[in-house]
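Trainee: predicted model follows, preceded by the sequence.
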Amino acid sequence: ECNFIAKEKLKHIVSKDAFDIEGLGKKVIDNFWELKFVKTPADIFSLDYGKIEKLEGWGKLSIKNLQNAINKSKNIVLDRFIYSIGIRHIGQENAKILGNFFKKIEKFSELFNKKKRAEILKNLEDLNGIGDTQIKSIDDFFSLKKNLEIVQSLILKLNIMEMKKINKNGKLINKSVMFTGGFKKMSRSEAKSLAEENGAKILGSVSKKLNYLIIGNSKPTKKKIEKAKELKVSLMTEENWYDLLDR
């Protein structure tokens, strides 16, 4: 693909809803790209921190924090991995459906094989939430040799975990939640995973369907809070959230 698209995909892969690598923002990716530190997603997990230390604005502490964030992100659940690799028309909800279908990375990796892919794609037709557009997009993605090379090299760097089973007795069964602001004790992605394990559905916007807006202590969005109050959605602080789930 062209350099612009390749670089934008790197920005997607490090974003909050994907690998959630704190310290690898858009400007840092632009900088590392120009310096040829990263060209493919796998390069993120093989960074030369000695070279980074020579750059202006990078001290030992910031490099250590980046290294920790990258190492932490190596452990990723299958659905987040599927979303992260940037298959067109595969959003977070589609990725969850696919993650529950494949269950393990080994099964998902069968998409690399043309014959097996054809069989898998037929089975995907029966999945609620996966339509012709998504199926064609998956086929197109894995038909490109470059994509296969990039995804396979990335898999080798990671520990891709099975989808976590939903607790049918979870405290958030049949509830919808949304998060705003950063948390002290866990990342946004960990908070979402915890909510889903307890049966919650994660919403992307404030609406009448929302049961709880969970407000982190760091930079919550005022507009979301105001709209939630208008719609009489229950507001929950970070501390309330931990109390609810006995954390």
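Mentor: Alright, I've got the coordinates.
Trainee: run through the strands of this structure in chain order.
Mentor: Using DSSP state E, the strands of the chain run over 75-77, 159-161, 176-180, 201-202, 212-215, 234-237.
Trainee: now mean neighbour count, mean pLDDT and distance to Leu111 too, for the ones you listed, in JSON lines please.
Mentor: To be clear about C-beta, it is placed using only N, CA and C from the backbone, and glycine gets the same treatment. Output for those, formatted as JSON lines (neighbours: other Cβ atoms under 10 Å; pLDDT from 0 to 100; distance: least, Cβ to Cβ, whole Å):
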{"stretch": "strand 75-77", "mean neighbour count": "16", "mean pLDDT": "94", "distance to Leu111": "17"}
{"stretch": "strand 159-161", "mean neighbour count": "14", "mean pLDDT": "96", "distance to Leu111": "14"}
{"stretch": "strand 176-180", "mean neighbour count": "21", "mean pLDDT": "92", "distance to Leu111": "31"}
{"stretch": "strand 201-202", "mean neighbour count": "17", "mean pLDDT": "85", "distance to Leu111": "26"}
{"stretch": "strand 212-215", "mean neighbour count": "22", "mean pLDDT": "94", "distance to Leu111": "35"}
{"stretch": "strand 234-237", "mean neighbour count": "15", "mean pLDDT": "94", "distance to Leu111": "39"}
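Trainee: Throw these into CSV and include distance to Lys7, thanks.
Mentor: Output for those, formatted as CSV (distance: least, Cβ to Cβ, whole Å):
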stretch, distance to Lys7
strand 75-77, 21
strand 159-161, 24
strand 176-180, 28
strand 201-202, 28
strand 212-215, 33
strand 234-237, 38
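Trainee: for Glu8, find the nearest of these.
Mentor: Closest to Glu8 of those, according to Cβ to Cβ: strand 75-77, at 20.1 Å.
Trainee: and the closest one, what does it pack onto?
Mentor: Packed against strand 75-77 by the contact rule (3 or more Cβ pairs under 8 Å, 6 or more residues apart in numbering; DSSP states H and E) you find strand 159-161.
Trainee: give the pairing partners of the strand it packs on; include direction for each.
Mentor: Strands adjacent to strand 159-161 in the sheet, as given by DSSP bridges, are strand 75-77 (parallel).
Trainee: ok, how many other residues are close to the closest residue to Asp20 other than its chain neighbours?
Mentor: In space, and not counting its chain neighbours, Asp20 is closest to Ser189: 4.4 Å by Cβ to Cβ, 6 or more residues apart in numbering. Residues contacting Ser189 under the criterion other Cβ atoms under 10 Å number 18.
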